[in-house]
Every structure is written in C-alpha cells, then in structure tokens.
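# Provide a 3D model corresponding to the input given below.
(one chain, ligands or ions: 1)
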Amino acid sequence: MNLPDVAPWIAAQSKALLAQNGHAWLLVGPSGLGQYRLALALVSAWLCERPTEQGACGTCGSCHAIEVRTHADLCVLMPETVSLDLGWPLSEKAQGEIDAKTRKPSKEIRIEAMRDAVEFSQRTSARGRGKAVLVFPAERMNHVTANALLKTLEEPPGDVKFVLASEAAHQLLPTIRSRCLAHTMVWPTPDVALAWLQQRGLDSAQAAVMLRASGGRPDDALQLAQAGPGGPTPAGWVKLPQAMARGDVSGLKDWTPTQAVDALQKLCHDLLTVKVGAAPRFFDAADLPSVSSLPSLTAWAKALGAAARTVEHPFNSGLMLEALVSQAQNALNAKN
Ligand SMILES: [Zn+2]
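Residues are numbered from 1 along each chain as shown. Reported below is the predicted structural model:
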C-alpha cells in the first residue's frame, strides 16, 4: 500500500481521524465510498513504524506486512466471502473446510473467527506498536458475535485499537455504537471521483457512466467497471432504458440476476423520480423513455423489491431474466 494509492477523499478523512485520539472508530455511511480503504488506512497508520500525520509510510516492515496480508498485530474480522474477495487469508481450519467442500464460505462473521479475535486482543503485540482489529462489514455480526465483540470493546485488554465499518449502523447493538467514536463517510465531489476512476484505467466516458450507474459512489463504480465479462458495460447501461421499453432481453445478456435486479431497481427509481419532477440519479435524463403510468411504476418497484429478496437463489436465471424484462416492458408501456 503506497501513499499515492490512497484516494484523496480517503486520505483527507484518514488524516482528520488520526489527529483525534480514538481507540475505537465506527465508520458509517453507504457502501461504495471507501469505508474499507479508510479502515485499512487507519490500522496501517496505527501499526506503522514511521507514521506521519498523513498516515502510514507505505514502506516500513509493518506496512509491507499489511500489504502481503500477514501482519501479526492486525486482526481482520470479516465474513469469509468478503475475506476471499479482498484477499485476506482465512484460518487454516476454515480454509480446510471450504477446500474440502464440507461447507460454503460464510456470509456472516463467524463465531469461530470472533473467538480468534478475542484471543488475539489478549495477546501481547508482536511488533511492539500495539494491535488493531478491523471489522468489516460490522453489520454482518449476529447476536452472539456482536456480544463477544462488545465485551472486548468494553474492557479493551491494553494496547488494542478497533475500527468497525458498516453501511447499516442502525443494525448494530446500541451498546457497540456507544463504545465507538462515529465517523460518517464523506462523499467525494464528482470531479474528484472521476479523476480517481481515470487513474484506475477507465476512460472519461466510461468513468462518467459507471459513476452515474453507481449513484456517485466511486468504489461501486470501479467494481462495476471491473466486473469482467457479462454485467453492465458503459454502452449497455446507456441503452438499457430503451432496451427494456422494447422488451429486448439482449439488453441484459450475460448479466447475473442480481445485477439485473439492481439495474432495474435503479431504472425504476429514476423513472419515479422524473415522474415527480426531480432529476434522475443513475441514468441520463435523455436516455430515459417517457412513462405515462405512475401506478404501474409503483407496482413495478414493489415487484422488484420482492425479486431482490430472492434473487440470490433463482430457480433458473435465464427464465428469471426473461421474466424481469417482460415485467419492465409492461411497466414502461402501461397506459394507466
Ligand atoms: Zn509504515
């Protein structure tokens, strides 16, 4: 992790938080604004051997150990699916179970991982600069794991600091919230977000469409752009509203049902917004078809909400996409 890699709006927040002396931070706000990267910047600075007021140096042994995911004084507590996505190693036992296919990676923070974290916070620091626990996304703790964390937060055993990041802080135990200093994530301006996306390899048109498609959240925009084959492309996103109005299934070709439902929810949101006279958020107003029926849009929004709750386990994704497109076409063309 070298300093230039830290996005400017993350660097500014990291500097501001480091200037305060919190031993437990709770980063809150919508996903896609870089909560995880801010949390990582904080723990890196705490553990760094040569920190400046800007944060970690990016070159010392501690920074390097974090970069290669093997820092003995850093405990990263995540659902296994998130650890795997972000390249953090699982415990040997957990990895063994997943490799042997005895179970799937967990989407919650497991009690076993929490036990390891509690044990970690009671050990002495290996590198002598204290210890840090990073919890992300913190709302993926169940009642048991949350209570175990709470005990550690209430009686921190010495030199351990915490950073929790959550896009659903209201789901956390109030007692956990009250033990932490809260920081609400700051939105980057569109100019700053676009420049950052271009530094990451997107051209300016791509960056603009993907940032819009992500509702102004740069991390989500980058993830969308890097999603690989299938899924929304900048050109496909721009054409999506008209394709849905025509009932053209190829508009969602190779998308996963999750991506499709998410995109259609955004389209429906924008059409409702335009209907009440406000500016759309995810699509350009010029790309949206005009829709005459408000009741059909609200019914569509409700149906999409129901689809979103079951979309991870579709019976048949091809059939589901066809059904979604036909539902969209009906909503967009209804007369009353
Ligand atoms: Zn360092």
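# so where's the chain uncertain?
1-5, 314 (pLDDT under 70).
# same thing but 90
1-6, 21-22, 30-32, 127-128, 154-159, 223-235, 251-258, 291-293, 309-320, 335-336 (pLDDT under 90).
# Point out the residues in it that sit beside the ion.
48, 56-57, 60, 63 (C-beta under 5 Å from the ion). Heads up, the C-betas are built off the backbone N, CA and C, glycines and all.
# residue contacts, the residue of the stretch 101-250 of the chain found nearest the ion?
Residue nearest to the ion within the stretch 101-250 of the chain: Arg129 (9.6 Å; C-beta to the ion). By C-beta atoms under 8 Å, 6 or more residues apart in numbering, the contact list for Arg129 reads 46-49, 62, 73.
# let's go with 6 Å and repeat that
Contacts for Arg129 (C-beta atoms under 6 Å, 6 or more residues apart in numbering) come out as Leu47.
# what about it, which helix or strand?
Counting by DSSP states H and E, there is no helix or strand that carries Arg129.
# next one: the one 5 residues further on
When secondary structure is defined by DSSP H and E, Leu134 falls within strand 131-135.
# Please name the strands paired to that strand in the sheet, noting orientation.
Here strand 131-135 is paired, per DSSP bridges, with strand 74-77 (parallel), strand 160-166 (parallel).
# any idea how far stretch 14-22 is from the chain center?
Offset of stretch 14-22 from its chain centre (C-alpha atoms, centre = their mean, to the nearest Å): 23 Å.
# Next, the distance between the ends of it.
12 Å (C-alpha to C-alpha, to the nearest Å).
# Show me what it is in contact with.
Contact partners of stretch 14-22, identified using C-beta under 6 Å, 6+ apart, comprise 41, 45, 54-55, 181.
# okay, the strands paired with strand 131-135, which one's buried deepest?
Among the strands paired with strand 131-135, strand 160-166 has the highest mean neighbour count (mean count of other C-beta atoms under 10 Å), at a mean of 26.
# continuing past that one, what's the next helix or strand?
Heading C-terminal from strand 160-166, the first helix or strand you meet, by DSSP H and E, is helix 174-179.
# Next, the buried residues of that next one.
In terms of neighbour count (16 or more other C-beta atoms under 10 Å), helix 174-179 has its buried residues at 176-177, 179.
# Show me what it packs onto, helices and strands only.
Packing contacts for helix 174-179, counted by 3 or more C-beta pairs under 6 Å, 6 or more residues apart in numbering; DSSP states H and E, involve helix 143-154.
# now the strands paired with strand 131-135 as CSV including distance to Leu321?
Listed next are the strands paired with strand 131-135 as CSV, based on distance: least, C-beta to C-beta, whole Å:
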stretch, distance to Leu321
strand 74-77, 36
strand 160-166, 32
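# now the helices for the stretch 151-300 of the chain?
Per DSSP state H, counting those that start in this stretch, the stretch 151-300 of the chain carries helices over the ranges 174-179, 190-199, 204-213, 218-225, 234-246, 257-275, 294-310.
# Any chance of those helices in JSON lines with distance to Gly29 as columns?
Shown next, in JSON lines, are the helices of the stretch 151-300 of the chain (distance: least, C-beta to C-beta, whole Å):
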{"stretch": "helix 174-179", "distance to Gly29": "14"}
{"stretch": "helix 190-199", "distance to Gly29": "15"}
{"stretch": "helix 204-213", "distance to Gly29": "17"}
{"stretch": "helix 218-225", "distance to Gly29": "12"}
{"stretch": "helix 234-246", "distance to Gly29": "24"}
{"stretch": "helix 257-275", "distance to Gly29": "19"}
{"stretch": "helix 294-310", "distance to Gly29": "21"}
